[in-house]
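K.L.:
next come a sequence and a model predicted from it.
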Amino acid sequence: MVFDPSVYTEFRYLSADFSADDFSFSFRYELVSPETTHAFSERISFTPVRPEHDVDWPRVRSLAVILGAVLGLSYYKAAAPARYVIALEGMTQAGITYLESVLREGLAEYAYRNAFPGLLSPDIVLEAPLAKPWAESDHLTPSGDPLVPIGGGKDSVVTVELLAAARMHPVQFAVNPNKIIYRVGRIKGHPVLAATRDLDMRLLELNEAGALNGHVPVTAMNSLIALVQARIIGLGPVVMSLEASASEATLEWDGHAVNHQWSKSEEAEGLLQDMLGPQAGLSAGAYFSLLRPYSEVQIARYFAALPEYHPVITSCNRAFRRGVEDARWCGDCDKCRFIFLILSPFIPSTSLTRMFADNLLDNPTQIEGYRALLGLHEHRPFECVGEQAESLLAFSWISHQSDWSHSAVVSALTEEMPELLKPHPELEEQVLGERHGRICLPAPFETLGSVLA
């Protein structure tokens with residue numbers, strides 16, 4: 001079979017059906033051309049609630065409708081046709097507006113790397129009646145224990161520790177967790193809940209046959225899965241671990257920002273919050289990032305003082321590929337390089353080398369990768385790495401630390417960029433200074449991260 005993306009005229013989101021047997025939602029989609037229709041089905045299975053608990057079904061169903069629309073991007077991207085049809089009931093105008101933004105910005109990298117003429121803006125066609133928005137008087141601010149999505153890395157560890165230090169009771173959550181995530185999540189004994197996402201494997205067959213492929217806004221998908229899980233269980237807010245650095249664009253393309261981390265950005269967080277009220281009857285306090293005001297450097301500095309986590313965390317994305325159950329740092333990707341660098345001012349070289357099973361800053365093969373982090377390539381890496389300013393500041397600091405100053409990478413790059421050896425108060429202000437954005441953390445969470453500043 002040969003798959004020709006250009007012949008497909010519309011993508012159809014057909015249904016979102018709940019099964020009480022395994023507490024799952026099944027979503028059905030179609031990719032349509034004049035000659036062929038490809039059908040897809042995806043299931044999300046949630047941790048079930050105790051029998052005596054009353055589930056807030058109206059909000060759960062409202063969330064499931066927009067969740068299915070965003071999950072559909074995994075299949076829509078096989079051809080990216082000009083029409084995205086929503087055939088089921090339950091979508092409000094706020095949901096459609098949010099989907100438009102996620103299509104445009106969350107698939108910007110996909111559009112760029114697949115050589116589209118610009119950002120995607122398909123016609124979103126609603127075949128069912130437009131749902132009435134929830135009245136503002138019915139918007140719920142969830143109370144109870146916070147649900148914290150975790151990924152096995154340092155950021156969610158810091159969020160969990162901050163909440164626990166404030167005598168809250170974080171409930172950790174992951175989608176398709178592997179052994180890495182469970183190992184990290186169980187360090188302090190906080191509960192770990194899981195949801196299982198079963199992609200339709202026919203998509204992989206189409207990819208082999210010539211379907212378009214690329215980055216999708218996974219954080220937006222997992223955020224909505226977490227919101228559904230929180231409402232099923234009846235927990236408090238979904239508390240994310242998304243830092244200020246995620247808002248920096250990867251590159252500029254034809255006058256538009258392309259951000260690999262867009263669905264982790266402040267803009268994406270605000271758009272999701274704006275949608276939750278009218279679409280699902282939830283206030284902005286139902287979803288927010290505790291770490292939004294802070295940089296990767298500030299988070300790394302706090303994490304460095306949590307040695308019990310050092311042997312178990314992993315942020316390398318290669319360790320979280322399909323079929324990989326238990327892996328550590330690959331030591332040869334942009335994410336590994338950045339995390340090693342951002343921790344190096346705060347953790348001794350012997351300890352950091354033990355964590356990564358390699359001293360990445362004393363390995364000459366890593367020089368070119370670090371040049372990209374410092375802005376010496378055409379654009380920043382397509383990876384979840386921090387701001388260029390953070391990399392520059394970390395290099396400036398370690399160039400004066402005996403642990404690192406004579407290592408191969410630091411020596412080579414300070415020779416190429418001697419300005420790294422000078423003090424940079426402007427970088428310190430940019431990276432460590434107070435950030436003022438549109439997101440305001442709700443009480444009682446607004447001051448929990450002040451210890452990072």
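P.N.:
Received, thanks.

K.L.:
and residue 327, what does it touch?
P.N.:
By Cβ atoms under 8 Å, 6 or more residues apart in numbering, the residues touching residue 327 are 180, 314, 316, 318, 319. Using the backbone N, CA and C atoms, a C-beta is placed for each residue, glycine as well.

K.L.:
give me that answer again for 7 Å
P.N.:
For residue 327, the contact set (Cβ atoms under 7 Å, 6 or more residues apart in numbering) comprises residue 319.

K.L.:
what's the helix or strand for it?
P.N.:
Assigned by DSSP states H and E, residue 327 belongs to neither a helix nor a strand.

K.L.:
with the one 3 residues further on instead?
P.N.:
Under the assignment given by DSSP H and E, residue 330 is not contained in any helix or strand.

K.L.:
just residue 272 next, same as before
P.N.:
Short version: residue 272 belongs to helix 266-280, going by DSSP H and E.

K.L.:
isn't residue 382 up against residue 109?
P.N.:
Yes - assessed by Cβ atoms under 7 Å, residue 382 is found in contact with residue 109 at 6.3 Å.

K.L.:
who's more crowded, the two?
P.N.:
residue 109 (22 against 18; other Cβ atoms under 10 Å).

K.L.:
hmm, residue 215 and that one touching each other?
P.N.:
Yes - the pair residue 109 / residue 215 is scored as a contact, 4.7 Å apart, by Cβ under 7 Å.

K.L.:
shared neighbours of these two, anything?
P.N.:
Joint contacts of residue 109 and residue 215 (Cβ under 7 Å, 6+ apart) are residue 260.

K.L.:
what are the boundaries of the helices in the stretch 51-200 of the chain?
P.N.:
Under the criterion DSSP state H, counting those that start in this stretch, the stretch 51-200 of the chain carries helices at the ranges 57-71, 73-76, 93-101, 108-113, 154-165, 179-185.

K.L.:
least reliable of the ones you listed by average pLDDT, please.
P.N.:
Among the helices of the stretch 51-200 of the chain, helix 179-185 carries the lowest mean pLDDT, a mean of 94.

K.L.:
so which bits of that one are buried?
P.N.:
By neighbour count on 16 or more other Cβ atoms under 10 Å, the buried set for helix 179-185 is 180, 181, 182, 183, 184, 185.

K.L.:
to residue 378, which of the helices of the stretch 51-200 of the chain lies closest?
P.N.:
helix 108-113 (12.6 Å; Cβ to Cβ).

K.L.:
low-confidence stretches in this protein?
P.N.:
For the chain, applying pLDDT under 70 flags the ranges 52, 320-326.

K.L.:
show me the domain layout of it.
P.N.:
5-129+140-289, 296-432 (automatic domain parsing).

K.L.:
nearest to residue 446 among those would be which one?
P.N.:
Here domain 5-129+140-289 is closest among these (Cβ to Cβ), at 9.9 Å.

K.L.:
so how far is the first residue of the closest one from its last?
P.N.:
Length of domain 5-129+140-289, first residue to last, Cα to Cα, to the nearest Å: 37 Å.

K.L.:
same check on stretch 46-57?
P.N.:
Start-to-end, stretch 46-57 (Cα to Cα) is 14 Å.

K.L.:
cool, and stretch 233-252?
P.N.:
42 Å.

K.L.:
quick check: residue 288 touching residue 438?
P.N.:
No - counting by Cβ under 7 Å, residue 288 does not reach residue 438; the two are 11.5 Å apart.

K.L.:
in terms of neighbours, single out the busier of those two.
P.N.:
Between residue 288 and residue 438, counting by other Cβ under 10 Å, residue 288 is the more crowded of the two (24 against 10).

K.L.:
so that one, which of the three states?
P.N.:
strand (DSSP: H, G, I helix; E, B strand; the rest coil).

K.L.:
now it, nearest residue through space, not along the chain?
P.N.:
Leaving aside its sequence neighbours, residue 288 sits nearest to residue 441 (Cβ to Cβ, 6 or more residues apart in numbering; 5.9 Å).

K.L.:
what of residue 409?
P.N.:
Among residues not flanking residue 409 along the chain, residue 361 sits closest, at 4.6 Å (Cβ to Cβ, 6+ apart).

K.L.:
where along the stretch 1-150 of the chain do the strands fall?
P.N.:
10-19, 24-32, 37-45, 83-86, 123-126, 147-149 (DSSP state E, counting those that start in this stretch).

K.L.:
out of those, flag the one nearest residue 194.
P.N.:
Across the strands of the stretch 1-150 of the chain, closest to residue 194 is strand 37-45 (Cβ to Cβ), at 8.9 Å.

K.L.:
so which bits of that closest one are buried?
P.N.:
38, 40, 41, 42, 43, 44, 45.

K.L.:
A helix includes the residue nearest to residue 409, no?
P.N.:
Yes - assessed with three-state DSSP, residue 361 lies in a helix.

K.L.:
can you tell me which of the helices of the stretch 51-200 of the chain is nearest to residue 242?
P.N.:
Going by Cβ to Cβ, the one of the helices of the stretch 51-200 of the chain nearest residue 242 is helix 154-165, 7.6 Å.

K.L.:
tell me, what residue is most central in the protein?
P.N.:
residue 219 (3.1 Å; Cα atoms, centre = their mean).

K.L.:
surely that one is in contact with residue 263?
P.N.:
Yes - counting by Cβ under 7 Å, residue 219 sits close enough to residue 263 to count as a contact (4.0 Å).

K.L.:
just to revisit the earlier point, check the gap between the residue nearest to residue 409 and residue 367 for me.
P.N.:
10 Å (Cβ to Cβ, to the nearest Å).

K.L.:
over to residue 44?
P.N.:
Relative to residue 367, and taking Cβ to Cβ, residue 44 is found at 43 Å.

K.L.:
now stretch 186-200: buried residues?
P.N.:
By neighbour count with 16+ other Cβ under 10 Å, stretch 186-200 contains the buried residues 187, 190, 192, 193, 194, 195, 199, 200.

K.L.:
let's have the buried residues of strand 37-45 in JSON lines, adding distance to residue 421.
P.N.:
Formatted as JSON lines, the buried residues of strand 37-45 follow (distance: Cβ to Cβ, whole Å):
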{"residue": "38", "distance to residue 421": "57"}
{"residue": "40", "distance to residue 421": "55"}
{"residue": "41", "distance to residue 421": "58"}
{"residue": "42", "distance to residue 421": "52"}
{"residue": "43", "distance to residue 421": "55"}
{"residue": "44", "distance to residue 421": "51"}
{"residue": "45", "distance to residue 421": "54"}
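
K.L.:
now, which of the residues you listed sits nearest residue 447?
P.N.:
Distance to residue 447, by Cβ to Cβ, is smallest for residue 44 among the buried residues of strand 37-45, at 34.5 Å.

K.L.:
joint contacts of residue 382 and residue 109?
P.N.:
Common contacts of residue 382 and residue 109 (Cβ under 7 Å, 6+ apart): residue 260.
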